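[1] Sharing a model that was predicted from the sequence below.
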Amino acid sequence: MTPEIFLKEAKTLINRLEAGEAAKTAASMPTDNATTETVSKSYANDPFEAKQGKIGDNQLSKQFLALARKSKQFYFLGEDDILENPRGYLRAKHGPDAEDWQQGRYKVSDTDLETIIWALLDMNSDERKSVLDLENGSYAAQGLSLAARSGAFGDDSRLIQRALDVSSGAPLIRTDLDPILYEAFLREFPVIDEIRKIPANGILHTYNQRTSPGTASTISDLGDMSGQFSNSSISQLQSSHIATVVAPRAIGLKFQYAVQQSGMNYNVAGDENLEIVGAMIAIAKKVQSLILQGNYSVASKTVNDEEGATDANGFDGIRAILKGGSTSMTKSSTDAYVDMINKAVGQIINAGGNSRSLLVLCSLFTRFQINLELQNYLRVINQVPAGGISTNLSANGLVTLADWMTRLVNVPADAQANGLGFYTFNSATVEDIDVLDISTWALAYLGSATPSILELPIGFNNQLSRVYYPFWMVGLVPFIPSFNRKIRVPNGSL
C-alpha cells in the first residue's frame, strides 16, 4: 500500500468517524457475562496512587499501572519490580531451571502479550488520558503531529493532525500503544534495537556524508602553514525512500460478542487469535527484509539478482548498498568462515570503522557452518562439564582481529524474499554474511520511531467490525558504507 492510497483511505475513514464512534460506544457496553471486574474510575483508596509519582515518564510503566488500576486480571502489573523494569519483564526468558519445553521461551508468552495489548485497546479515552497525557506526553504523538504540521504528508497533512486530535477524546492514531507494540515487534526482529532512529526530513531523507577527513602534514621550523590546509570532503546524499509498511487487521463484532457471552476465558484478538501481535510480526519481517535485501533504485530486478527484487514502495537495503567491490568479498571453497569474518573486520578497521560496535548478521545455515568450524577448537578433558557441552559454540560471539567480542545474530527466513535471502552470483547460488559497524546505520522515520496503530471505529465502513491499521513509515540511511562489509558465502538449508 502506497502512502497516497493509505492517506486516501484515511480521508474516507475520518469522514465517517462520527457515525462510527456512536456505534463503537454502543458496542463497548459490558454484557451480563463479562468476567473482568473494573476498578472505580475515582481511584478511591487507590493502592497504586503512591506508585504514580515513582514511575516518571516511562510510558510502558504508565500503561501497566493503568491496567492494574482498571482490572484485577492485571493487578500483578502494578508490582514494584515490574513497574521498575517493564521491558525486562516482557523480555525475560525461562532459564535452565524451567521445564525443557519452556527453556529459552519468553515468560510472557505471545498470547499473554496479546491479552495486554487487547486490554489497552479496550480502554476508553478518559482512562487513557488520565494516565497517558497523549497530547503532551507522547513522543510518538508529538512526532506525528510535527511531521503533519511541517507538511511531510503533503496535501493530506491536516488529516493526520485531525487523526491525532485528542480534544474529542478519541484519536484515530493510537500512539499510546507504541511502547508495548515495539516490544512485540522486537520479538521477531531484535536487531532493530541496535539501529538508531532519526527523524526523516522528507520522503527522501537528506544527509551529509564525510567522504574524506582531510590530511595532516609536517611543516618547517618557521611554522609556515601556507598551502597546508586540507578540510574534510563532504557529500550531500539522500536515502532511497521512506516506505510505508502496513498490516491491516479486522475483527468481527459478532465474534467478539460470541466469545464474551460464551464465558471463554480469553480476550478477543481475531478469528485466529494473536491478531495484533501477528501484525507486528508481519511488519517486522517486512522491514527486516527491506533492510537486508530491499531494492528501490534499480528497476526490473528479481529475488535472484544481487540488488534484490525491485519494490517501488520500499527502500534500498544492505545487500544492494554493499554490492560494490570495495565493500564486498566472496568466500572460496577453501576459505574458512571465521577467516572471512576476520578479514572483513580487518578491512573495516583499516578503513576507519569502529571495531567496538561491530555486529555480524547471518542465516541459520551459515551459523551452523561456523559452529562446525569452531568444533575443531573444542576439547573435553577427563569429564563432561557439569552444564553439558554447548553445541552453539558461537553463542557468546567471536573475538576477532579487533580484540573485542563481536556478536553473531541469526536472521531467520521462511522464504527467499525474507531475511537475508539468496541470489545468483557468478553462476553460483550465494547468500550474505553482513559484518556491520552498526553505528554507521540509521532508520529515518516519519512521525513515530516505532510502529503505530490507526484504530477505526465500528461501522465506519458499513461493516460490524473493529479495524486496525498497524503501520510504520521508515527508511534505511547508510552514513558510511565503507565501514561495513558483506561476504558472499554458499547458500544452503538445514
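    Cool, the structure landed.
[2] Show the end-to-end separation of stretch 51-63, please.
    With Cα to Cα, to the nearest Å as the measure, the first residue of stretch 51-63 is 13 Å from its last.
[3] before we move on, what about stretch 427-446?
    Taking Cα to Cα, the span from the opening residue of stretch 427-446 to its closing residue is 40 Å.
[4] Mind exporting the C-alpha coordinates of the biggest helix by length in the chain to CSV?
    Of all the segments assigned as helix in the chain under DSSP state H, the longest by residue count is helix 275-293. Coordinates of each C-alpha in helix 275-293 appear next as CSV, following Å, rounded to 0.1, in the frame of the first residue of the first chain:
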residue,chain,number,x,y,z
GLU,A,275,-4.1,-10.6,15.6
ILE,A,276,-2.2,-7.5,16.8
VAL,A,277,1.0,-9.5,17.7
GLY,A,278,0.6,-11.1,14.3
ALA,A,279,0.5,-7.7,12.6
MET,A,280,3.7,-6.7,14.5
ILE,A,281,5.4,-9.9,13.3
ALA,A,282,4.4,-9.2,9.7
ILE,A,283,5.7,-5.7,9.8
ALA,A,284,8.9,-6.8,11.5
LYS,A,285,9.5,-9.4,8.8
LYS,A,286,8.8,-6.9,6.0
VAL,A,287,11.0,-4.2,7.4
GLN,A,288,13.8,-6.7,8.2
SER,A,289,13.7,-8.0,4.6
LEU,A,290,13.8,-4.4,3.2
ILE,A,291,16.8,-3.5,5.4
LEU,A,292,18.7,-6.6,4.3
GLN,A,293,17.7,-7.1,0.7
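[5] just checking, what packs against the helix or strand following it?
    Proceeding C-terminally, helix 275-293 gives way to helix 318-321 as the next helix or strand, assigned by DSSP states H and E. In this structure, helix 318-321 makes packing contacts with helix 275-293, strand 428-437, strand 465-478, judged by 3 or more Cβ pairs under 8 Å, 6 or more residues apart in numbering; DSSP states H and E. For every residue, glycine as well, the C-beta is placed using N, CA and C.
[6] Tell me what angle the longest one forms with strand 428-437.
    So that's helix 275-293. 100 degrees (axes from the mean of the first three to the mean of the last three Cα atoms, to 10 degrees).
[7] Helices along the stretch 101-250 of the chain, start to end?
    Using DSSP state H, counting those that start in this stretch, the helices found in the stretch 101-250 of the chain span residues 110-121, 125-131, 134-137, 139-149, 157-163, 178-188.
[8] Lowest average confidence across the ones you listed, which one?
    Least confidently modelled of the helices of the stretch 101-250 of the chain is helix 134-137, at a mean of 41 by mean pLDDT.
[9] Name the residues of stretch 291-309 that are buried.
    When burial is assessed from 16 or more other Cβ atoms under 10 Å, stretch 291-309 yields the following buried residues: 291-296, 301, 303, 305-309.
[10] Please read the previous query as pertaining to stretch 61-73.
    Residues of stretch 61-73 classed as buried by neighbour count (16+ other Cβ under 10 Å): 61-71, 73.
[11] Tabulate those (TSV), appending pLDDT and secondary structure.
    Below are these laid out as TSV (pLDDT from 0 to 100; DSSP: H, G, I helix; E, B strand; the rest coil):
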residue	pLDDT	secondary structure
Ser61	83	helix
Lys62	81	helix
Gln63	80	helix
Phe64	83	helix
Leu65	82	helix
Ala66	81	helix
Leu67	82	helix
Ala68	81	helix
Arg69	79	helix
Lys70	77	helix
Ser71	76	strand
Gln73	77	helix
